[in-house]
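Asker: give me coordinates for this.
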Amino acid sequence: MVCHCKAEGLPPPRNLSYRWIDAFTVNVFWQEPRGLRAGDIKHIKYRHGLEDNFLQCTWRNFTVDLLTEEKGSGSWTYLVWTVRTGDILEESTKMSKTIKTMKPRAQVKDIKCFVNPKNEIYEMNCSWVQENQALTLSYRVCGHTNETDMALKMCERPYSDAMRNGCYLNTDDITKDICMLFKSEAGQSTFKLARMIDPPKLSIGEDGDNLKLSWTRPKILKEHSRIFTVCYKKCSDAEVCLNFTTKGESMPLPYDKSCRYEFWSSVRTSAYITPIFSEFGQVVSYENKDVTLTVVAIVVPIILSVCILLSCYCFRRHSSILCPVIPDPSVIFKEMMMNGNKELKTTTGNLYTPVPEPVESCKIDSVTDSVIVPLNS
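Answerer: Numbering: from 1, shown residues only. As a prediction, the model looks like this:
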């Protein structure tokens, strides 16, 4: 960006600094490089991550929303330098500035925001998991275009249960990006709302030599281009995932009738549209009915045969217990008749004999004649 031909090269911007506008937005500013001639083609270039951005030479700042849900960090580093475009590209040394959050990050996990239809309109139900700290949620439209959009709204319909806390967000347009601010006594965290919907219901049927996969199209994606992702496993093969961008609600898939299939699916909007996505739904299984009947017709007789053989073996091995030998009744009666008297004798010896009771003996003394008891007259 310098027109002089000195060896030191282009000068970088001066006095690079920043200021927070609110919890989401930061403004990075600097002073114009010294030593640039009038009429030079001048640009300021800045980088965050891997993406480079150009600014006009008259700009002295840029304003961005800083959200940390991707890396979970509390700081961002920006590089700013001078660039001259033309036949030969020249760049100055890069000036760096690390931007730190205003407060430590609050611990909040597993944020999920579902878009639900309600009376011809949509509402967003956001829930999260908090760790040993009370959190309050406020939100606004992302960006920094006007004061109305930048005004924070508080959660008016909060709820909580044993596992998660949540809030129903009041917003007129679900297509706008929503920035969320979680606050605790110790700190705060910012996130961009990611819109979620329930996974599509997957149905499977046969169509000749193919499987016909069909699903219900989410109402919210009626006017949007969408991408269905279907993953499946068959027999012992590895997992395969396919993306369908068709406008219809069905897709054929080559079918191996000897295998059992397991499917799970999700849906999302295509690129350049407000992101809306679902998680993968429950696993749906499918296998050929004829193959199943054949397997049953073969396996069931084998199992029955094995069970019969085992039963016979067990019966033979334990026959003395299951079927004991019963003596001949005539022999029993004969023994009873011949040994009747003996049994009576043995039984009489076992009659009850009472135990004698103890009796005290009495001693009587005789009265002699010498002893006379006088009578009172």
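
Asker: and Cys126, how many neighbours?
Answerer: For Cys126, the count of nearby residues is 23 (other Cβ atoms under 10 Å). For every residue, glycine as well, the C-beta is placed using N, CA and C.

Asker: how about it: what's its closest non-neighbour residue?
Answerer: Closest residue to Cys126 apart from its sequence neighbours, by Cβ to Cβ, 6 or more residues apart in numbering: Cys113 at 4.1 Å.

Asker: ok now do the one you found, which residues does it touch?
Answerer: Counting by Cβ atoms under 8 Å, 6 or more residues apart in numbering, Cys113 makes contact with Met124, Asn125, Cys126, Ser127, Leu169, Leu193, Ala194, Arg195, Met196.

Asker: what are the bridge partners for the fourth one, then?
Answerer: Put plainly, it is Ser127. The partner list for Ser127 in beta bridges (DSSP bridges) reads Lys112, Gly166.

Asker: roughly how far does it sit from Leu221?
Answerer: From Ser127 over to Leu221 the distance is 22 Å, taken as Cβ to Cβ, to the nearest Å.

Asker: ok, now the fifth one?
Answerer: Counting by Cβ to Cβ, the separation of Leu169 from Leu221 is 20 Å.

Asker: same check on the last one?
Answerer: In this structure, Met196 lies at 12 Å from Leu221, with Cβ to Cβ as the measure.

Asker: how far away is Lys97 from Asn27?
Answerer: 12 Å.

Asker: no wait, Glu206
Answerer: Distance of Glu206 to Asn27, computed by Cβ to Cβ: 61 Å.

Asker: Thr269 too?
Answerer: Taking Cβ to Cβ, one finds Thr269 at 31 Å from Asn27.

Asker: show me which of the two is the more surrounded one.
Answerer: Shown here are Thr269 and Asn27; by other Cβ under 10 Å, Thr269 has more neighbours (18 against 14).

Asker: quick check: which element contains the residue nearest in space to the middle of the chain?
Answerer: Closest residue to the average C-alpha location of the chain: Asp110 at 9.0 Å, with Cα atoms, centre = their mean. Using DSSP states H and E, Asp110 maps to strand 108-118.

Asker: leaving out chain neighbours, which residue sits closest to the residue nearest to the centre of the chain?
Answerer: Spatial nearest neighbour of Asp110, excluding adjacent residues (Cβ to Cβ, 6+ apart): Val129 at 4.7 Å.

Asker: so the one you found makes contact with Val108?
Answerer: Yes - between Val129 and Val108 there is a contact under Cβ atoms under 8 Å: 7.2 Å.

Asker: which of the two has more residues huddled nearby?
Answerer: Comparing Val129 with Val108 by other Cβ under 10 Å, the one with more neighbours is Val108, at 21 against 13.

Asker: if that one is in a bridge, with which residues?
Answerer: Beta-bridge partners of Val108, as defined by DSSP bridges: Gln130.

Asker: now do the same contact list for it.
Answerer: Trp128, Val129, Gln130, Glu131, Leu135, Phe182, Ser189, Phe191.

Asker: any idea how this structure splits into domains?
Answerer: 14-100, 108-197, 202-290 (automatic domain parsing).

Asker: sketch out the low-pLDDT regions of the stretch 251-377 of the chain for me.
Answerer: 289-297, 319-320, 322, 324-355, 357, 359-377 (pLDDT under 70).

Asker: so which strand or helix has Ser311?
Answerer: Here Ser311 sits within helix 289-317, counting by DSSP H and E.

Asker: surely Asn15 meets Gln31?
Answerer: Yes - using Cβ under 8 Å, Asn15 is in contact with Gln31, at 4.8 Å.

Asker: break down the stretch 51-200 of the chain into its helices, ranges please.
Answerer: 147-150 (DSSP state H, counting those that start in this stretch).

Asker: which stretches of it have low pLDDT?
Answerer: Scanning the stretch 51-200 of the chain for pLDDT under 70 picks out 68-73, 86, 119-120, 145-149, 171-173.

Asker: quick one: the strands in it, in order.
Answerer: Under the criterion DSSP state E, counting those that start in this stretch, the stretch 51-200 of the chain contains strands at 51-56, 61-65, 75-84, 90-91, 95-100, 108-118, 121-130, 136-141, 153-154, 158-160, 165-169, 178-183, 188-192, 195-197.

Asker: could those go into TSV alongside distance to Tyr255?
Answerer: Below are these laid out as TSV (distance: least, Cβ to Cβ, whole Å):
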stretch	distance to Tyr255
strand 51-56	44
strand 61-65	48
strand 75-84	51
strand 90-91	58
strand 95-100	55
strand 108-118	34
strand 121-130	38
strand 136-141	47
strand 153-154	52
strand 158-160	46
strand 165-169	42
strand 178-183	43
strand 188-192	42
strand 195-197	29
